[in-house]
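1. Just to be clear, the model below is a prediction. Sequence and coordinates:
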There are 2 protein chains.
Amino acid sequence: MAKAVQQRTLKTRTKLLDAATAVIAEGGYEALRVEDVVKRAGVAKGTFFAHFKDKDALMDHLIGKEIDRHLDQIAALPAPRTSAEMTDALMPLAAFMSCERYVFDVILRHSGAAAQREIGPIAMTFGRHEQVVTDWLAQRPFRTDISAQLQAEGVQAFAIQAISLMFCSLHNSLSIRERLQVYLAAWLTPQS
Amino acid sequence: MAKAVQQRTLKTRTKLLDAATAVIAEGGYEALRVEDVVKRAGVAKGTFFAHFKDKDALMDHLIGKEIDRHLDQIAALPAPRTSAEMTDALMPLAAFMSCERYVFDVILRHSGAAAQREIGPIAMTFGRHEQVVTDWLAQRPFRTDISAQLQAEGVQAFAIQAISLMFCSLHNSLSIRERLQVYLAAWLTPQS
DNA sequence: ACCAAAAAGTGACCGCGGTCAATTAAAATT
DNA sequence: AATTTTAATTGACCGCGGTCACTTTTTGGT
């Protein structure tokens, strides 16, 4: 069996990823065209699709990597003691997720994988995110009537909602931070 | 000024919508091709795009209409007295929203409109949904430490989350109903 | 009834994601 | 070293959403 992958493959993949990163640096995620990427990488179009199932898979990879970077930062933080602290801790990630409408759409599309086999980078980060928040909540329980895991799922749901409403003209009076703060307070420290 | 729209226009529009409905009835939303629709309607391709900004606008219209139908049913219901009753009341809508992965994606993409002018049918239904739930909550408060409006926003966030996780292999042990039931109980009737 | 202006409709064309039979390069076998 | 086998790459091609200069139809004014 040994090495089934050739170095050539890795080199091509690196060229493609570097080219994609450069294209995105110039025009953002939405403006990325596969044809631009392959031209820049100096390979044929078909080669791209031998490395990535489709354009979405490339986005999944790149955006997933970026989310992971933010999660590294978040995981290194001490467990927040209040819902306000938790809001602050989650904000950098939320800011990235909302940097482009297209990026947010890609994230939502990939947040859950239909089949066990197809769990991609972004879906992985959602699992990781849930774990990080669950660990926080296990350390410093905000409310005790429901499990930390359930609370973490709620935190995720509210983060999505806060970002969604930021893109909505009917509800854009509050910033993501302000809205998330209100949600988390109501969810993690109910007063009745 | 008088009538700027000709009957011809309405007739063509009807033909397009009927054709689209027929195509969807045969192969579902995801399989809809604009070319099939115009062929069936007996008009040219360009005509389609004179009536709908793009394919997404057609989907927005058709799916929005379907959601509205469900909201009519829901609005006619008496205000639920428990979170379990609310879950039951919302389930038919949730079932439609999750009938196809593609449909759910379209709904998420259109749930908020970027500009005030561009509020489409689906975005309207989200406003209406929020209003219906807010009215319920105002009648029979579940918790009183936060506003009915805020509670309604949370209900929406959890409904989305419950559907999302149904499409996710990592979390598909529970049905939408079971998961939504747990969420709403924790959100509307916290015990601490 | 006639004509000019406005509205509606047409279809060849383009952009771009994605495919696949053919080609080339690398590894395995003799 | 020559040959077979397997992996990687290529680019012409396709499908389908979307555009636009042009034609046809309707309308409103005279």
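-> Yes, it's here. Numbering: from 1, shown residues only, chains lettered A, B, ... in the order given.

2. Which residue, neighbours along the chain excluded, lies closest to residue A:157?
-> residue B:161 (3.7 Å; CB to CB, 6 or more residues apart in numbering or on different chains). In short, each C-beta sits where N, CA and C put it, glycine included.

3. Could you pull up phi and psi at the one you found?
-> Main-chain dihedrals, residue B:161, degrees, to the nearest 10: phi -60, psi -40.

4. neighbours around it, how many?
-> 21 (other CB atoms under 10 Å in any protein chain shown).

5. For it, which residues are in contact?
-> A:153-154, A:156-157, A:160, B:179, B:183 (CB atoms under 8 Å, 6 or more residues apart in numbering or on different chains).

6. Which single one of those is nearest to residue B:109?
-> residue A:160 (13.5 Å; CB to CB).

7. Can you tell me how far the closest one is from residue A:112?
-> 12 Å (CB to CB, to the nearest Å).

8. Now do residue A:158, the pLDDT please.
-> Residue A:158 is assigned a predicted lDDT (pLDDT) of 98.

9. er, residue A:2 I mean
-> We have a pLDDT of 40 for residue A:2.

10. got it, and the one 3 residues further on?
-> Confidence at residue A:5, expressed as pLDDT, is 70.

11. Let me know how buried it is, in neighbour terms.
-> Other residues within reach of residue A:5 by the criterion other CB under 10 Å amount to 8.

12. How is it assigned, secondary-structure-wise?
-> In three-state terms, and counting by DSSP: H, G, I helix; E, B strand; the rest coil, residue A:5 is coil.

13. Output the set of residues of chain A in proximity to chain B.
-> A:101, A:105, A:108-109, A:111-116, A:118-119, A:123, A:127, A:143-146, A:150, A:153-154, A:156-158, A:160-161, A:164-165, A:167-171, A:182-183, A:186-187, A:190-192 (CB under 8 Å from any CB of the partner chain).

14. So which of these sit within helices?
-> Residues of these located in helices (DSSP state H): A:101, A:105, A:108-109, A:123, A:127, A:150, A:153-154, A:156-158, A:160-161, A:164-165, A:182-183, A:186-187.

15. Now do the contacts for the spatially closest residue to residue A:92 that is not a sequence neighbour.
-> Spatial nearest neighbour of residue A:92, excluding adjacent residues (CB to CB, 6+ apart): residue A:70 at 5.6 Å. Residue A:70 makes contact with A:92-93, A:96, according to CB under 8 Å, 6+ apart.

16. which of the residues you listed has the most neighbours?
-> residue A:93 (19 neighbours).

17. Leaving aside the residues adjacent along the chain, what's closest to that one?
-> Spatial nearest neighbour of residue A:93, chain neighbours left out: residue A:70 (4.2 Å); criterion: CB to CB, 6+ apart.

18. what helix or strand does that neighbour sit in?
-> Using DSSP states H and E, residue A:70 sits within helix A:55-76.

19. Could the C-alpha coordinates of that helix be exported in CSV?
-> Taking Å, rounded to 0.1, in the frame of the first residue of the first chain, the C-alpha atoms of helix A:55-76 are listed here in CSV:
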residue,chain,number,x,y,z
LYS,A,55,-16.6,24.9,-5.8
ASP,A,56,-18.5,24.6,-2.5
ALA,A,57,-16.0,22.0,-1.3
LEU,A,58,-13.2,24.5,-1.8
MET,A,59,-15.2,27.1,0.2
ASP,A,60,-16.0,24.5,2.9
HIS,A,61,-12.2,24.0,3.2
LEU,A,62,-11.1,27.6,3.3
ILE,A,63,-13.9,28.9,5.4
GLY,A,64,-13.7,26.0,7.8
LYS,A,65,-10.0,26.7,8.2
GLU,A,66,-10.7,30.3,9.1
ILE,A,67,-13.4,29.3,11.6
ASP,A,68,-11.0,26.8,13.1
ARG,A,69,-8.5,29.6,13.6
HIS,A,70,-11.1,31.6,15.6
LEU,A,71,-12.0,28.5,17.6
ASP,A,72,-8.4,28.1,18.6
GLN,A,73,-8.5,31.6,20.1
ILE,A,74,-11.8,31.0,21.7
ALA,A,75,-10.8,27.6,23.2
ALA,A,76,-7.7,29.3,24.8
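
20. show me what contacts the residue nearest the centre of chain A?
-> Among the residues of chain A, the one closest to the centroid is residue A:67, at 4.3 Å (CA atoms, centre = their mean). Contacts for residue A:67 (CB under 8 Å, 6+ apart) come out as A:93, A:96-97, A:107, A:121-122, A:125.

21. Kindly reformat these as CSV containing secondary structure, distance to residue B:133 and pLDDT.
-> Supplementary listing: the contacts of residue A:67 in CSV, determined by DSSP: H, G, I helix; E, B strand; the rest coil; distance: CB to CB, whole Å; pLDDT from 0 to 100:
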residue, secondary structure, distance to residue B:133, pLDDT
A:93, helix, 28, 98
A:96, helix, 31, 98
A:97, helix, 26, 98
A:107, helix, 26, 98
A:121, helix, 35, 97
A:122, helix, 30, 97
A:125, helix, 31, 97
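
22. Top of these by number of neighbours, please.
-> residue A:122 leads the contacts of residue A:67 on contacts (other CB under 10 Å) with 25 neighbours.

23. Can you report how many residues neighbour the closest residue to that one other than its chain neighbours?
-> Spatial nearest neighbour of residue A:122, chain neighbours left out: residue A:110 (3.9 Å); criterion: CB to CB, 6+ apart. Residue A:110 is flanked by 23 other residues according to other CB under 10 Å.
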